[in-house]
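>>> Give me a model of this one.
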Amino acid sequence: MLVNEFSWSHSRDRLFSECQLKYYYHYYGSWGGWEKNASERIRKLYVLKNLTNRKMWVGTVVHKTIESLLSKIKNGEILDTFENINSEMIESMRKDYKNSVDGKYNNNPKQYCGFTEHVYFEPVSRSEWKEISEQAEHCLRVFWNSDLFEKFKSTDAQYILEIEKLSYFMLDGIKVYVSPDYCVIEDGLVNVYDWKAGKTLSDATDAQLACYALYASQTWGVEAELLRLVEYNLYHDVIKEHHCDGVDFKGIKEQIFESVVKMKSLLMDAEGNMALEESFKPAEDKRVCTRCKFRGACNSYEMETAEAAA
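Got it, this is the predicted structure:
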């Protein structure tokens, strides 16, 4: 039987800071929604939890395609042409779109893609959807033609540590999740690659660096000075390297523990990781609500909407 175990991650911390109620729905309210005997509300929250939007989707699609390429390289397989690989990616996007329009996610939200744009009847033009597929193709083409990919193609499989693996390390009894896109030994360093497919340029935080360094230390016995994080924004074709020099590991550990304390303080049973919805507050910034995937089940959003219409 699956147990809803408490853990920490950057995404979990961001969600908690954005909206406690959204955090509750994601980690607690939707738990068990896959069960046949789940209540109607739990099932609904589970379906909503698994929704995506077109801007997140493009990143997912590009990541999956790159993962497939790198896995084939590691396994010694011959790569297909760019044209064929790109066609497969675009065809998978068409299927995702159709499955969402057909509502297949309602029966199996883990298997079938569902878009908030369809669930909430958001006005998105055909040209905007087409722009998303063009963005995915552009990012894949940039990766395919990059010097990095050319280097990856000749990398010995023994130096490839991980490809798109959800992993964790323990920090004083707390399970901390990390999700590196590609980890490989190069030039005596462990390089952790992070692909970006979005139009916004953003830098890795010291906290991300610290978590990758702690993970590398526990998993491969690698010292922090031998770790390098490489962010590759494929849309802009911009590569940024980050090293752990000057990272305040002690301070970042304290930040993580403070975050954990705040999260657990709202639990009905901290040891059993049990929570009640009424203990979690909605976001103060109501702009968060207008784009939230849970707004169709959120009592706070319904009240706000009713008051605005009155």
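>>> the strands in the protein, which residues?
For the chain, the strands defined by DSSP state E cover 160-163, 167-171, 174-178, 182-186, 189-196, 227-233, 238-243.
>>> will you turn those into CSV that also has mean neighbour count and mean pLDDT?
C-beta coordinates here come from the backbone N, C-alpha and C atoms, glycine included. Output for the strands of the chain, formatted as CSV (neighbours: other CB atoms under 10 Å; pLDDT from 0 to 100):
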stretch, mean neighbour count, mean pLDDT
strand 160-163, 18, 98
strand 167-171, 15, 95
strand 174-178, 17, 97
strand 182-186, 20, 97
strand 189-196, 20, 95
strand 227-233, 21, 94
strand 238-243, 14, 93
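>>> how about those strands, which one is nearest Y28?
Nearest of the strands of the chain to Y28, taken as CB to CB: strand 174-178 at 16.6 Å.
>>> Run the angle between that closest one and strand 167-171 for me.
Inter-element angle recorded for strand 174-178 and strand 167-171: 150 degrees (by axes from the mean of the first three to the mean of the last three CA atoms, to 10 degrees).
>>> per-residue pLDDT, D285?
In this model, D285 is scored at 90, pLDDT.
>>> Now it. Its backbone dihedrals?
phi -80, psi 100 (degrees, to the nearest 10).
>>> And for it, the neighbour number?
Neighbourhood size, D285 [other CB atoms under 10 Å]: 9.
>>> roughly how far apart are it and S71?
40 Å (CB to CB, to the nearest Å).
>>> And for N299?
Distance from N299 to S71, by CB to CB: 44 Å.
>>> Y232 now?
Distance, Y232 to S71, by CB to CB: 18 Å.
>>> how about low-confidence regions in the stretch 201-310 of the chain?
302-310 (pLDDT under 70).
>>> For it, just list every one of the helices.
206-220, 249-265, 287-290, 299-309 (DSSP state H, counting those that start in this stretch).
>>> Just list what the second one packs against, helices and strands only.
Pointing back at helix 249-265 there. On a contact count with 3 or more CB pairs under 8 Å, 6 or more residues apart in numbering; DSSP states H and E, helix 249-265 meets helix 10-18, strand 174-178, helix 206-220.
>>> what comes up buried for the last one?
The one in question is helix 206-220. 206-216, 219 (16 or more other CB atoms under 10 Å).
>>> ok, now stretch 266-278?
Buried residues in stretch 266-278, counted by 16+ other CB under 10 Å: 266-267, 273, 275.
>>> quick check, nearest of the residues you listed to S133?
The closest of the buried residues of stretch 266-278 to S133 turns out to be A275 (CB to CB; 39.1 Å).
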